[in-house]
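Q: Quick one, fold the following:
(one chain, ligands or ions: 1)
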Amino acid sequence: MDKIEITGGIPLEGKVRISGAKNAALPLLASSILVQGPVDYTNIPDLMDIKSIKMLLEDLGATTETSGSNIRIDASAINKAEAEYDLVRKMRASILVLGPLVARFGHARVSLPGGCAIGARPVDLHLKGLEAMGAKISIEHGYIEATTSGRLKGCEFYFDVPTVTGTENLMMAATLAQGTTVLRNCAREPEIIALADALNLMGGDVSGAGTAVIRINGVEKGYCGKRSGQSLDSASIHVIPDRIEAGTFMVAAAATKGDVLVQGGEPEHMGGIINKLRQSGASVDISEEGIRVKGVEKIKSTDIKTLPYPGFPTDMQAQFMVLMSIAEGNCVVHETIFENRFIHVNELQRMGADISISGGNYAMVRGVKSLSGAQVMASDLRASASLVIAGLVARGTTTINRVYHIDRGYESIEKKFSSLGAQIRRC
Ligand code: UD1
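A: A predicted model of the protein is given here:
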């Protein structure tokens with residue numbers, strides 16, 4: 001199994017280009033199910049999670065053609081509406097095929113995602129929303145069974161908590177439903193706006209994405225053939241840049257006291273991250289060329305509370321904790337989105353960080369002068385990224401085991417860090 005070995009202590013310097021966003025690409029690829037014909041995607045990142053959703057779509061009967069960062073998916077020939085356990089267990093976001101499948105085929109069987117390293121992560125709101133659209137939902141033998149006689153029906157639905165993939169699932173399902181759907185208390189992430197833009201390019205009618213209320217008018221365009229029904233149109237879709245990948249490089253620049261120009265990112269999507277970096281003393285300059293982050297000798301402690309977008313993202317909490325672990329002073333990191341999202345803390349302690357967890361969702365971080373290289377274990381995607389940053393900062397050598405977690409969400413991470421002068425290699 002691959003490991004990553006890092007010899008730390010080198011300030012990162014140079015330019016790095018950001019790839020397409022994993023969390024935008026996954027729902028966009030799932031939305032191809034709504035189309036009777038090909039959909040062309042550009043700027044798709046080369047990641048394990050993308051391979052997983054492609055495999056899932058192929059297993060359903062779709063054809064896929066990949067050329068570099070371009071993918072064409074044609075879901076015309078889908079002949080199965082079941083996402084199997086082995087595919088879903090690799091990637092929880094496989095739940096994104098549920099809404100499109102039931103909307104287009106009137107039934108779907110999707111393995112219920114189990115727990116994962118960062119907590120229970122229920123999908124009850126996805127299911128309640130589909131029920132409100134008239135689907136009958138049952139859980140049998142570990143699978144979600146969703147069926148509807150005739151089309152799904154437009155409805156009013158209020159999310160108890162804003163959920164990203166839940167909002168995306170219901171938005172997609174509603175495009176082929178009969179009538180108007182109004183979703184309230186929606187998640188407001190840029191990836192949701194990207195999906196709404198794509199659905200509109202495909203002939204859908206979605207408004208309000210990026211606010212708490214999204215309105216979707218179901219299309220009446222049908223198609224004939226062996227299996228007639230509603231469908232969206234073929235389209236070409238470009239994936240937005242990955243704000244979490246960009247944020248990870250920006251925090252790494254600040255933590256190593258380096259000077260890095262992050263190119264191709266979208267600063268408008270990164271307010272929470274930029275704000276906290278500036279509070280830590282780093283300089284963040286935004287220009288036509290990109291986002292330039294320069295670290296400072298004395299990093300300042302600053303409290304962090306994760307929140308739904310546009311608040312500080314939970315997907316940047318672990319990386320930021322590394323920066324705080326070498327800051328001057330103490331701070332509190334409050335994780336409000338997922339329980340159990342402090343698994344990286346034990347590993348950071350092994351590298352000399354002074355962090356204690358209190359009440360499950362709070363971490364007290366007392367800044368230390370330096371970290372020291374150690375053997376550590378990656379546990380989930382963003383925790384792995386935090387260990388890479390810790391390795392880049394630490395004295396001596398850090399070996400990160402189980403790096404397959406990182407390949408789920410970071411394209412060519414060791415090549416990108418090497419190009420910034422880091423001593424990092426896969427072995
Ligand atoms: C998405 C992102 C993930 C990010 C997370 C929060 C993708 C593919 N993944 O995950 O990287 O960390 O948003 O920004 O986009 N909840 C319920 N019931 C539900 C659904 C969610 O109670 O039916 C709760 C969750 O337990 C959690 C909160 O809602 O506390 C937000 O989770 P959610 O936005 O759904 O996360 P994901 O969409 O799985």
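Q: From the contact counts, what lies against the helix or strand bottoming out on mean pLDDT in the chain?
A: Least confident helix or strand, the chain: strand 222-223 with a mean of 74, by mean pLDDT, DSSP states H and E. Strand 222-223 is packed against strand 229-230, with contacts defined by 3 or more CB pairs under 8 Å, 6 or more residues apart in numbering; DSSP states H and E. Glycine gets a C-beta too; all of them are placed from N, C-alpha and C.
Q: what's in contact with the strand it packs on?
A: 103, 104, 105, 106, 151, 176, 218, 219, 220, 221, 222, 223 (CB atoms under 8 Å, 6 or more residues apart in numbering).
Q: cool, and stretch 398-413?
A: By CB under 8 Å, 6+ apart, the list of residues contacting stretch 398-413 reads 1-6, 8, 19, 22, 45-49, 91, 244-245, 248, 351, 373-385, 387-388, 390-391, 426.
Q: Type out the ChimeraX command that picks the buried ones from the residues you listed.
A: Only the buried entries of these go into this ChimeraX selection, using 16 or more other CB atoms under 10 Å:
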select :4,5,6,8,19,22,45,47,48,49,91,244,245,248,351,373,374,376,377,378,379,380,381,382,383,384,385,387,388,390,391
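Q: Tell me which of the contacts of stretch 398-413 fall in strands.
A: The strands, defined by DSSP state E, take in 4, 5, 6, 375, 376, 377, 426 from the contacts of stretch 398-413.
Q: can you tell me if the helix or strand where residue 51 lies touches the ligand.
A: Secondary-structure assignment from DSSP states H and E places residue 51 in helix 48-60. No. Helix 48-60 lies out of reach of the ligand by CB under 6 Å from any ligand atom, never closer than 7.9 Å.
Q: Tell me the buried residues in that helix?
A: For helix 48-60, the neighbour count (16+ other CB under 10 Å) marks 48, 49, 50, 52, 53, 54, 55, 56, 57, 60 as buried.
Q: Of these, which is the nearest to residue 418?
A: residue 48 (20.3 Å; CB to CB).
Q: thinking again about what came up before, ok, of the contacts of strand 229-230, which one's closest to the ligand?
A: The closest of the contacts of strand 229-230 to the ligand turns out to be residue 103 (CB to the nearest ligand atom; 17.8 Å).
Q: List of residues touching the strand or helix carrying residue 101?
A: Applying DSSP H and E as the criterion places residue 101 in helix 98-105. The set of residues external to helix 98-105 that reach it, using CB under 8 Å, 6+ apart, is 30-31, 33-34, 60, 78, 81, 83, 107-108, 110, 126, 130, 135, 144, 146-148, 151-152, 168-177, 227, 229-231.
Q: now that helix against helix 48-60, angle please.
A: 20 degrees (axes from the mean of the first three to the mean of the last three CA atoms, to 10 degrees).
Q: which parts of helix 98-105 are buried?
A: For helix 98-105, using 16+ other CB under 10 Å, the buried residues are 98, 99, 100, 101, 102, 103, 104, 105.
Q: Which residue is the nearest non-sequential neighbour of residue 184?
A: residue 158 (4.5 Å; CB to CB, 6 or more residues apart in numbering).
Q: sorry, back to before: which one of the buried residues of helix 48-60 is nearest the ligand?
A: residue 49 (7.9 Å).
Q: What's the local residue count around the residue lying closest to that closest one once chain neighbours are set aside?
A: Spatial nearest neighbour of residue 49, chain neighbours left out: residue 408 (4.9 Å); criterion: CB to CB, 6+ apart. Applying other CB atoms under 10 Å, we find 19 other residues in the vicinity of residue 408.
Q: hmm, back to that, could the buried residues of helix 98-105 go into TSV alongside distance to residue 72 and pLDDT?
A: Below are those laid out as TSV (distance: CB to CB, whole Å; pLDDT from 0 to 100):
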residue	distance to residue 72	pLDDT
98	23	98
99	22	98
100	17	98
101	20	97
102	24	97
103	22	96
104	19	95
105	21	94
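Q: Now distance to residue 270 too, for those residues, in JSON lines please.
A: Below are the buried residues of helix 98-105 laid out as JSON lines (distance: CB to CB, whole Å):
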{"residue": "98", "distance to residue 270": "30"}
{"residue": "99", "distance to residue 270": "28"}
{"residue": "100", "distance to residue 270": "29"}
{"residue": "101", "distance to residue 270": "33"}
{"residue": "102", "distance to residue 270": "35"}
{"residue": "103", "distance to residue 270": "33"}
{"residue": "104", "distance to residue 270": "35"}
{"residue": "105", "distance to residue 270": "38"}
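Q: can you narrow these to ones near the ligand?
A: Okay, of the buried residues of helix 98-105, nothing touches the ligand (CB under 6 Å from any ligand atom).
Q: coming back round to it: as CSV, could you dump the C-alpha coordinates of the helix holding residue 51?
A: Extracted C-alpha coordinates of helix 48-60, given in CSV (Å, rounded to 0.1, in the frame of the first residue of the first chain):
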residue,chain,number,x,y,z
MET,A,48,-10.4,8.0,-7.1
ASP,A,49,-13.8,9.4,-6.3
ILE,A,50,-14.3,10.3,-10.0
LYS,A,51,-13.3,6.8,-11.0
SER,A,52,-15.8,5.5,-8.5
ILE,A,53,-18.7,7.4,-9.9
LYS,A,54,-17.7,6.6,-13.4
MET,A,55,-17.7,2.9,-12.5
LEU,A,56,-21.1,3.3,-10.9
LEU,A,57,-22.6,5.0,-14.0
GLU,A,58,-21.0,2.3,-16.2
ASP,A,59,-22.5,-0.4,-14.0
LEU,A,60,-25.9,1.1,-14.5
